[in-house]
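Undergrad: mind folding the following:
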Amino acid sequence: MSGNYGTQVIESVAVRRRRLREAWLFGAERARNTLTEQTGKVFASVMIGAVACAGCAGVSYFKTSMAKENEKNQQPVPTATTSGPVSPSPSKK
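TA: Numbering: from 1, shown residues only. As a prediction, this is how the structure comes out:
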């Protein structure tokens, strides 16, 4: 331990917090199981990766659907054009 009293207090508080956290998580089996700090980082990394993948998929879907909608709107609509009045054709009797 360091000779500095403040450092000793900080280290003892950190040890106490770690023991309390492990007791809360593992109960009576805390001697066999210890929670490493890396577990939380791995879990957080997996969650961030999942959110990033979902975001990319959502953006891709949105862009694709907007592109399809724009293609529909840009297609010319067929219209009937007439050059003049339409006269009925003579019928043969």
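Undergrad: show me where this protein has its helices.
TA: Using DSSP state H, the helices of the chain run over residues 5-26, 37-74.
Undergrad: okay, the angle between the shortest one and helix 37-74?
TA: Per axes from the mean of the first three to the mean of the last three CA atoms, to 10 degrees, the angle that helix 5-26 makes with helix 37-74 is 70 degrees.
Undergrad: what comes up buried for helix 5-26?
TA: E22 (16 or more other CB atoms under 10 Å). Every residue, glycine included, has its C-beta placed from N, CA and C.
Undergrad: got the CA coordinates for it in CSV?
TA: In CSV, the C-alpha atoms belonging to helix 5-26 read as follows (Å, rounded to 0.1, in the frame of the first residue of the first chain):
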residue,chain,number,x,y,z
TYR,A,5,-3.4,8.2,3.5
GLY,A,6,-5.7,9.5,0.7
THR,A,7,-4.6,6.8,-1.7
GLN,A,8,-5.2,4.1,1.0
VAL,A,9,-8.7,5.3,1.5
ILE,A,10,-9.5,5.4,-2.2
GLU,A,11,-8.1,1.9,-2.7
SER,A,12,-10.1,0.5,0.3
VAL,A,13,-13.3,2.1,-1.0
ALA,A,14,-12.7,0.5,-4.4
VAL,A,15,-12.2,-2.9,-2.9
ARG,A,16,-15.3,-2.5,-0.8
ARG,A,17,-17.4,-1.5,-3.8
ARG,A,18,-16.1,-4.5,-5.8
ARG,A,19,-16.9,-6.9,-3.0
LEU,A,20,-20.4,-5.4,-2.5
ARG,A,21,-21.1,-5.6,-6.3
GLU,A,22,-19.9,-9.2,-6.4
ALA,A,23,-22.0,-10.1,-3.3
TRP,A,24,-25.0,-8.6,-4.9
LEU,A,25,-24.5,-10.3,-8.2
PHE,A,26,-23.4,-13.8,-7.1
